[in-house]
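> compute the structure for the input listed below.
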Amino acid sequence: MTIAQTNAPIGTPIAAGISALERYGKLERPELAYTPEVAEATAPIYEKVKHIIPAIEWPALAPTIHAINKLKKERNAVILAHNYMTPDIFHGVADIVGDSLQLAIEATRTDAEVIVQCGVHFMAETSKILSPEKTVLIPDMRAGCSLAESITGADVRALRERNPGVPIITYVNTSADVKAECDICCTSSNALQVVESFGVDRVFLIPDKYLAANVGNKTDVEVLVWDGACEVHERFTADELRDYRKIEPNVKIIAHPECPPEVVAEADFAGSTAHMINWVKTKQPEKVMMITECSMADNVASETPGVDFIRPCNLCPHMKRITLGKILDTLVEMKDEVVVDPAIADKARTAVERMINLKI
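Below you'll find the predicted structure:
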């Protein structure tokens, strides 16, 4: 794979050379009306989400969904939607859904020339790192992440200087600059295996202090932490979970490992977004509470109608910057292109590929 040479800073449109708009051209924004044609074309989509999205709201959503689905074919684009996207995006226009790394890997396997990343900025960077020949767009450049923004590449270099010889593992929820300075990446589902793969006594697992603590509780390896956290998951408390159980004694509580350890200890199951989804689909509990971003519960609920979801709702304000309207505008105007400096991309790709090559 190759990447076009650019001196543009990470996350900005290409300052020199050909922009996405110049390459693909701007189109007229389509008229949006709930016509019989739109109603018929979007009926199968609404069937998936009818117990999540009220019927009265569908005529307002369907025209934009229909327009996006037509336009992405004209643009030879693929839409990647993270599990935290709202159901209208997740079920309405997405071609590939999942967690951030899964999305980026699957995007490399498509013939699409354009990737529209419905998620936050570090996810778009990861897609660009793994598909440098593709045009990567994000519907809102302001869609950041409290966890990714808690650390920089300079911070990692300083950690390495103070702790020579200690492997540094970075969670995929980090910028390209941070990935480039680390030895290997990990996900929430394979973090324990990556930590133990080095065969050493001490490692850094950055930047999520709670993921690191939860992994540290499962291994004899000393897991050193960075003081970063996801603003959605860190707000949950163990007392909150105990109060929910008093109200709903039969509820099964499943939590993401970005939650504090005392929250994970109160849960019936803890795992990555993919593991949480699989747990619900496999176990089919009567009642379940997902301790994570609440749009994910909506998306899983649409696929498991026999399960009663109790929703403690912590929304990610950054994910919610991505809307149907912004996705349509991005495809019309081919705007907000994400690029990564080639030197950084090459080093970051190495860290990602080391993890993938562990086959864990």
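
> what ranges do the helices span in the stretch 51-200 of the chain?
Along the stretch 51-200 of the chain, counting by DSSP state H, counting those that start in this stretch, helices occupy 58-74, 87-90, 100-107, 121-130, 153-162, 176-181, 191-197.

> which of the ones you listed sits most buried?
helix 121-130 (a mean of 28; mean count of other CB atoms under 10 Å). (C-beta placed from N, C-alpha, C; glycine too.)

> for that one, packing partners?
If you count contacts as 3 or more CB pairs under 8 Å, 6 or more residues apart in numbering; DSSP states H and E, helix 121-130 packs onto strand 77-82, helix 100-107, strand 114-118, strand 135-137, helix 176-181, helix 342-358.

> that one vs strand 114-118, what angle?
Orientation of helix 121-130 against strand 114-118 (axes from the mean of the first three to the mean of the last three CA atoms, to 10 degrees) gives an angle of 160 degrees.

> in CSV: the helices and strands packed on helix 121-130, plus distance to residue 238 and mean pLDDT.
Shown next, in CSV, are these (distance: least, CB to CB, whole Å; pLDDT from 0 to 100):
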stretch, distance to residue 238, mean pLDDT
strand 77-82, 27, 97
helix 100-107, 27, 89
strand 114-118, 32, 97
strand 135-137, 39, 97
helix 176-181, 30, 98
helix 342-358, 31, 95
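
> which stretch among these comes nearest residue 286?
Taking CB to CB, strand 77-82 is the member of those nearest to residue 286, at 27.9 Å.

> put the alpha carbons of the closest one into CSV.
These are the backbone C-alpha positions of strand 77-82, laid out as CSV (Å, rounded to 0.1, in the frame of the first residue of the first chain):
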residue,chain,number,x,y,z
ALA,A,77,-18.1,5.2,-1.3
VAL,A,78,-18.4,2.9,1.7
ILE,A,79,-19.9,4.1,5.0
LEU,A,80,-18.4,2.9,8.2
ALA,A,81,-20.5,3.2,11.3
HIS,A,82,-19.3,2.7,14.8
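
> with adjacent residues omitted, what lies nearest to residue 285?
Spatial nearest neighbour of residue 285, chain neighbours left out: residue 252 (4.3 Å); criterion: CB to CB, 6 or more residues apart in numbering.

> any idea of the pLDDT on that neighbour?
Looking at residue 252, its pLDDT stands at 97.

> wait, it sits on residue 269?
Yes - Residue 252 lies in contact with residue 269 (CB atoms under 8 Å); the separation is 7.4 Å.

> so between the two, which is more surrounded?
Between residue 252 and residue 269, counting by other CB atoms under 10 Å, residue 252 is the more crowded of the two (19 against 16).

> list the beta-bridge partners for the more buried one.
Under DSSP bridges, the beta-bridge partners of residue 252 are residue 288.

> residues contacting it?
268, 269, 283, 285, 287, 288, 289 (CB atoms under 8 Å, 6 or more residues apart in numbering).

> kindly report the same for residue 306.
Per CB under 8 Å, 6+ apart, neighbours of residue 306: residue 284.

> that one and residue 146, how far apart?
35 Å (CB to CB, to the nearest Å).

> ok, residue 48 next?
According to CB to CB, residue 48 and residue 146 sit 31 Å apart.

> residue 145 versus the most centrally placed residue in the chain, what's the distance?
Nearest residue to the geometric centre of the chain (CA atoms, centre = their mean): residue 100, 3.7 Å. Per CB to CB, residue 100 is found 10 Å from residue 145.

> what sits in contact with each of the two?
The contact lists of residue 100 and residue 145 share 122, 173, where a contact means CB under 8 Å, 6+ apart.

> CA atoms only for stretch 194-206, dumped as PDB, please.
Below are the C-alpha coordinates for stretch 194-206, written out as PDB (Å, rounded to 0.1, in the frame of the first residue of the first chain):
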ATOM      1  CA  VAL A 194      -1.000  -8.300  24.100                       C
ATOM      2  CA  VAL A 195       0.200  -7.400  27.500                       C
ATOM      3  CA  GLU A 196       1.300 -11.000  28.200                       C
ATOM      4  CA  SER A 197       2.800 -11.500  24.700                       C
ATOM      5  CA  PHE A 198       6.000  -9.600  25.600                       C
ATOM      6  CA  GLY A 199       7.000 -12.100  28.300                       C
ATOM      7  CA  VAL A 200       8.200  -9.300  30.600                       C
ATOM      8  CA  ASP A 201       7.400  -8.200  34.100                       C
ATOM      9  CA  ARG A 202       6.300  -4.600  33.300                       C
ATOM     10  CA  VAL A 203       4.500  -2.900  30.500                       C
ATOM     11  CA  PHE A 204       2.700   0.400  29.900                       C
ATOM     12  CA  LEU A 205      -0.800   0.100  28.600                       C
ATOM     13  CA  ILE A 206      -1.900   3.600  27.600                       C
END
